[in-house]
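[1] Quick one: sequence plus predicted model below, questions after.
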Amino acid sequence: MFNRLQSLIRDYFGFSHKEARGFSVLIFLTLLCLLIPFVYRFVADRKPIDTSLADARKLDSLVVLMQAEEAKQPQFGSRTDKDKTTAEHFSEPKLFQFDPNTISVAGWQQLGLPRWLADRIDKYRAKGGQFRKKEDLLRIYDFPPDLYDQLEPYITLKEATHSERPSNETSKPYSNEPYKPAERPAYAERPTFAERPAKPIPQPFDINTADTSQLIALKGIGATLAGRIVKFRDALGGFVSTEQFRDIYGLDSLALDELVKFGKIRSTVHKLPINTATAEELDRHPFLSRRQAQIIVNYREQHGAYTSAESLKPIRILDAKTIEKIAPYLEF
């Protein structure tokens, strides 16, 4: 029976023979620890507590006093602002007009956000992220949608305005004399200025072979974000769908629209030979964890080479969504 249990554990988790034996011992010790309290209660000789009549009367009197005190206390929801403590006043959210690109961490907390979420937004802005539309707030990881619905009427995004050009003319006192235009010398020539070169219009390019200079030419993408896109692409082995652009950290709506518009998928991706790759090589892929990579290798050693993505389905730790995402990057 013990050998049959080990065989089931090896097939289900993809463990080796030693790992399955250790896992069985761990299960046995866990069950033993869970049963100890029940065994102790059954074996231990506990005498029932004898409550005397005097003690019962004392308990009854205490219950009556507690009920009388509770009757004097105001019901929940009927407390006025004067009855609330300073801590309760401070924890209440205060809604006001704000710009998500400039509001401080303390301001976020006054609006009702927890400190860890306010710090996450501040870190996102420090890395160059901007909120160009109100809906961009929902791109922050774990931002509550119900809180966004509450804050949406108070969000004001300020557009960049061009600074007014200072005037070189000085005000002169009012005079009754008729206006005379200033005379210019006949030889005065109009100054010539060098023409500024027109900014090149971005052209569609292959996102799987593009460098950072092509990405920086797009709106909303700077040097830091361009390097992050190239790093994520190289770790994947190339993009197979524009939907994968949404997995890039720090990509706001403007940058995402530009990348979808000009970043075309024209070349094939780099594939991993799953039947010869080591656990370390599989672990480098963003869609696989260290544990998943090791179990893939263990299952391959026990059951033979993989023939298609369908042969990965018996591995319990790989769900259908993970197999669908990793399949285009595997070579069988």
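    On my side now, so go ahead.
[2] hmm, who's touching stretch 203-222?
    Under the criterion C-beta atoms under 8 Å, 6 or more residues apart in numbering, residues 128, 130, 132, 200, 202, 223, 225-227, 229-230, 233, 238-239, 252, 254-255, 258-259, 261-269 lie in contact with stretch 203-222. Yep, even glycine has a C-beta here, placed from its N, CA and C like the rest.
[3] Got a ChimeraX select line for the buried ones in those?
    Burial among the contacts of stretch 203-222 is assessed by 16 or more other C-beta atoms under 10 Å; the matching ChimeraX selection reads:
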select :128,130,132,225,226,229,230,233,238,239,252,254,255,258,259,262,263
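[4] Specify the local secondary structure of I296.
    At I296 the chain is in helix, as set by DSSP: H, G, I helix; E, B strand; the rest coil.
[5] Now it. Nearest residue, chain neighbours left out?
    L282 (6.1 Å; C-beta to C-beta, 6 or more residues apart in numbering).
[6] which secondary structure element contains the one you found?
    Counting by DSSP states H and E, the element that carries L282 is helix 279-283.
[7] And that helix, what does it pack against?
    Helix 279-283 is packed against helix 290-303, with contacts defined by 3 or more C-beta pairs under 8 Å, 6 or more residues apart in numbering; DSSP states H and E.
[8] buried sites along whichever helix or strand comes after the helix it packs on?
    Where DSSP H and E defines the elements, the next helix or strand beyond helix 290-303 is helix 320-326. Neighbour counts using 16+ other C-beta under 10 Å place T322, I323, K325, I326 of helix 320-326 among the buried residues.
[9] Max pairwise distance over the residues you listed: which two?
    I323 and K325 (7.4 Å; C-beta to C-beta).
[10] just checking, Y12 touches R316?
    Yes - at 6.0 Å, Y12 counts as touching R316 under the criterion of C-beta atoms under 8 Å.
[11] Mind jotting down where the strands sit in this structure?
    205-206, 263-264, 272-273, 330-331 (DSSP state E).
[12] so can I have CSV of those strands showing distance to L65 and mean pLDDT?
    What follows is the strands of the chain, written out as CSV (distance: least, C-beta to C-beta, whole Å; pLDDT from 0 to 100):
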stretch, distance to L65, mean pLDDT
strand 205-206, 80, 94
strand 263-264, 74, 92
strand 272-273, 73, 92
strand 330-331, 73, 93
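[13] now for the ones you listed, which one comes closest to P114?
    Nearest to P114, of the strands of the chain and by C-beta to C-beta, is strand 263-264 at 35.6 Å.
[14] got the phi/psi numbers for F287?
    Main-chain torsions, F287, degrees, to the nearest 10: phi -90, psi 0.
[15] Verify the contact between it and I323 for me.
    No - here F287 does not reach I323: they are 9.7 Å apart, not a contact under C-beta under 8 Å.
[16] just to revisit the earlier point, overlap of the contact sets of Y12 and R316?
    By C-beta under 8 Å, 6+ apart, no residue touches both Y12 and R316.
[17] so what's D55 up against?
    Counting by C-beta under 8 Å, 6+ apart, D55 makes contact with nothing.
[18] Low-confidence ranges, the stretch 51-200 of the chain, go.
    Residues of the stretch 51-200 of the chain that meet the criterion pLDDT under 70 lie in 51-52, 54, 72-92, 159-200.
[19] Quick one: the helices in it, in order.
    For the stretch 51-200 of the chain, applying DSSP state H, counting those that start in this stretch gives helices covering 53-72, 86-91, 105-110, 115-126, 145-151.
[20] how about those helices in CSV, adding distance to S7?
    Listed next are the helices of the stretch 51-200 of the chain as CSV, based on distance: least, C-beta to C-beta, whole Å:
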stretch, distance to S7
helix 53-72, 59
helix 86-91, 56
helix 105-110, 55
helix 115-126, 46
helix 145-151, 47
